[in-house]
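Participant: Here's my sequence, what's the structure:
(4 chains)
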4 protein chains.
Amino acid sequence: MSRRPVIGVMGAGESASGPDIALAEQLGELIAKQGWVLLSGARPAGVMAAANRGAKRVPGSLTIGILPDESGPVADGVDVAVFTGMGNARNAINVLSSDVIVACGAGGPGTASEVALALKCGKPVVLLAAPAEAEQFFRTLGCRLFPHSAEEAVEVIRAERLVPVGA
Amino acid sequence: MSRRPVIGVMGAGESASGPDIALAEQLGELIAKQGWVLLSGARPAGVMAAANRGAKRVPGSLTIGILPDESGPVADGVDVAVFTGMGNARNAINVLSSDVIVACGAGGPGTASEVALALKCGKPVVLLAAPAEAEQFFRTLGCRLFPHSAEEAVEVIRAERLVPVGA
Amino acid sequence: MSRRPVIGVMGAGESASGPDIALAEQLGELIAKQGWVLLSGARPAGVMAAANRGAKRVPGSLTIGILPDESGPVADGVDVAVFTGMGNARNAINVLSSDVIVACGAGGPGTASEVALALKCGKPVVLLAAPAEAEQFFRTLGCRLFPHSAEEAVEVIRAERLVPVGA
Amino acid sequence: MSRRPVIGVMGAGESASGPDIALAEQLGELIAKQGWVLLSGARPAGVMAAANRGAKRVPGSLTIGILPDESGPVADGVDVAVFTGMGNARNAINVLSSDVIVACGAGGPGTASEVALALKCGKPVVLLAAPAEAEQFFRTLGCRLFPHSAEEAVEVIRAERLVPVGA
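Facilitator: Numbers count the residues shown, from 1 in each chain, chains lettered A, B, ... in the order given. This is a model prediction of the structure:
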């Protein structure tokens, strides 16, 4: 009996751009189609909301959300909400609980903190459609996967064997 | 689209007694039969392991585990593992993420901390088969639900409407 | 160059009784007179406020507060405020950062969670002027130090060598 | 009765370069000379160790450390050690507990996470002697203070009134 791989999708909330939201929705759907669990910050905004929306188009999908608050609104499509009451400290939990972290689009400082924490603890990080400054900076910290489309992101995860083989 | 109610089951790990383990297994199964999500501390020991084992006998059951460690072993039957890397501070997350907390049997100090935190933040707490000293102490902190069997615990949750009606 | 021993004083906030507040003030002063650092939850209420008030009567005293919030009011007399933004999860930090935990008077569920967490991780715990139900319950979890006065509490800490000898 | 301003100094641990260590030592000393409290990650390595060493050259200095572990070694010169047992999640506490965050030199991913979290919650951030890629990236997230020497960093904090006037 083994658990399904967990892919954490991070990105901007209220400030997410239209293209980043569309990308997140597509990414969520593709993750679910692989049979992977989608993990997100689960607030009803931006990339988080879009990724869950995309995932729930897929029958049998499973989505988990790690919230900063003690209670309150959760993005539609989140199957299980974990309320941490820890604010941004929950970003460390997002990272530890994911097999792979995908930062989707031009995230804000919250997303940057998650990418940095993931690199800190040696988790595979995929920067999808990252701005040039982000790519250049995170390269100096060891990041090396920079796909440009949702399909390519999923392909990278499979090709690099970032989740257990056969999963 | 609404999330399923989440019932947190807490109890002793390595030091759990045989009767408490049997009780937890039965409780996990009954929770799953209601269609509720089982949340636990998810270490492969004692009450945590037993509750997940019981829940997974039920088709369609969903189990989530909140681990104290950054990675490592997880009880069989946990569908999604959230690694907090926060030690006992994760007990606060267990409480915030559950609609109801059930302490199963004679828990140790970890369980006592979860009961206390649940009372602190106004979550419904059910002390199932609690020792007399625990019942007497937690009564002074406002606890009032002390069933003696797993069936009775589930009945109390329904009768007191501790989860959304119709769930 | 060695750090001073840290004594964590826990107890009720807004609901603290007059006698418990008087006891906390006396305890804070005695702790500071030993040259020990006072650690508390640091909210401007009840036992926390009183212990800091007592400690600051002593020249050279040092007081540290671990707050549940991201910012906001701090008890007078707290020299350094650590804002955790983690709500009750900060109780685990209080325990880990203290060499000894003293629960002062009839604490509420927050205090009970700290006593339980301290027992969980093997920290020395002193229950000062505890109600009978608390004493009886925490005895079952291994607690064995139940002084009745602030002087006696400090004496117990010294006699049991709960802080480094010579400190 | 008011608390002293708290300046958080962040930077690389074991991987810190010689120049960054020298810079941190000088910065710690200058912070202490202002009467400000030095807050750091407090592990006995790199920038953390150096900043505390510098601060303790100043009589009356006060240093506080926020550790990732439950217990264990602390940098010399740390007056009060707060053990969080939360790994990198403690970075959020460092940020919330500081009035200003100074990243000293070419930090690794841990430092990047702290800079990002500080920007996320609106704390003033000073990037001292930052590599070009870091400066360019964090500019896109709103960072705008990039001094090149320890004296200049302290001067920026004063000139921008990042700590209470008169402090």
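Participant: contacts and neighbour counts: CA atoms only from here.
Facilitator: OK.
Participant: OK, contacts around the closest residue to chain C within chain A?
Facilitator: The minimum distance from chain A to chain C, using CA to the nearest CA, falls at A:M86 (4.2 Å). For A:M86, the contacting residues are A:68-70, C:85-87, C:89, by CA atoms under 8 Å, 6 or more residues apart in numbering or on different chains.
Participant: want to try a markdown table for those residues, with pLDDT as columns?
Facilitator: Listed next are these as a markdown table, based on pLDDT from 0 to 100:
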| residue | pLDDT |
| --- | --- |
| A:P68 | 97 |
| A:D69 | 97 |
| A:E70 | 97 |
| C:G85 | 98 |
| C:M86 | 97 |
| C:G87 | 97 |
| C:A89 | 97 |
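Participant: among those residues, who's most crowded?
Facilitator: Most neighbours among the contacts of A:M86, by other CA atoms under 10 Å in any protein chain shown: C:M86, with 27 neighbours.
Participant: returning to that earlier point: what about the residue lying closest to the residue of chain A closest to chain C once chain neighbours are set aside, distance to A:E152?
Facilitator: Setting aside the residues directly before and after it, A:M86 is nearest to C:M86 in space (CA to CA, 6 or more residues apart in numbering or on different chains), at 4.2 Å. Distance from C:M86 to A:E152, counting by CA to CA, to the nearest Å: 37 Å.
Participant: now the helices for chain A?
Facilitator: Here chain A has its helices, by DSSP state H, at A:18-33, A:46-55, A:90-96, A:109-120, A:132-140, A:150-159.
Participant: Do the third one and chain C come into contact?
Facilitator: No. Counting by CA under 8 Å from any CA of the partner chain, chain C is not contacted by helix A:90-96; separation bottoms out at 9.4 Å.
Participant: A:G105: neighbouring residues, count only.
Facilitator: 25.
Participant: ok, and the closest non-adjacent residue to the spatially most central residue of chain A?
Facilitator: The centre of chain A sits closest to A:V9, judged by CA atoms, centre = their mean, with a distance of 0.7 Å. Closest residue in space to A:V9, ignoring its immediate chain neighbours: A:V102 at 4.9 Å, by CA to CA, 6+ apart.
Participant: ok, back up a step: just give me the closest of the contacts of A:M86 to chain B.
Facilitator: Among the contacts of A:M86, C:A89 lies closest to chain B (CA to the nearest CA), at 4.9 Å.
Participant: Does that closest one touch B:N94 like I think?
Facilitator: No. Counting by CA atoms under 8 Å, C:A89 does not reach B:N94; the two are 10.6 Å apart.
Participant: quick revisit: so which of the helices of chain A comes closest to D:L141?
Facilitator: Proximity to D:L141 (CA to CA) singles out helix A:109-120 among those, at 6.3 Å.
Participant: now check the closest one, is it near chain D?
Facilitator: Yes. Against chain D, helix A:109-120 shows contacts by CA under 8 Å from any CA at A:109-110, A:112-117, A:119-120.
Participant: Give me the PyMOL select line for the residues you listed, limited to the buried ones.
Facilitator: Filtering the residues of helix A:109-120 next to chain D down to the buried ones (16 or more other CA atoms under 10 Å in any protein chain shown) takes a single PyMOL command:
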select buried, chain A and resi 109+110+112+113+114+115+116+117+119+120
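Participant: quick one: which of the residues of helix A:109-120 next to chain D is nearest D:P44?
Facilitator: Of all the residues of helix A:109-120 next to chain D, A:K120 has the smallest distance to D:P44: 18.1 Å, by CA to CA.
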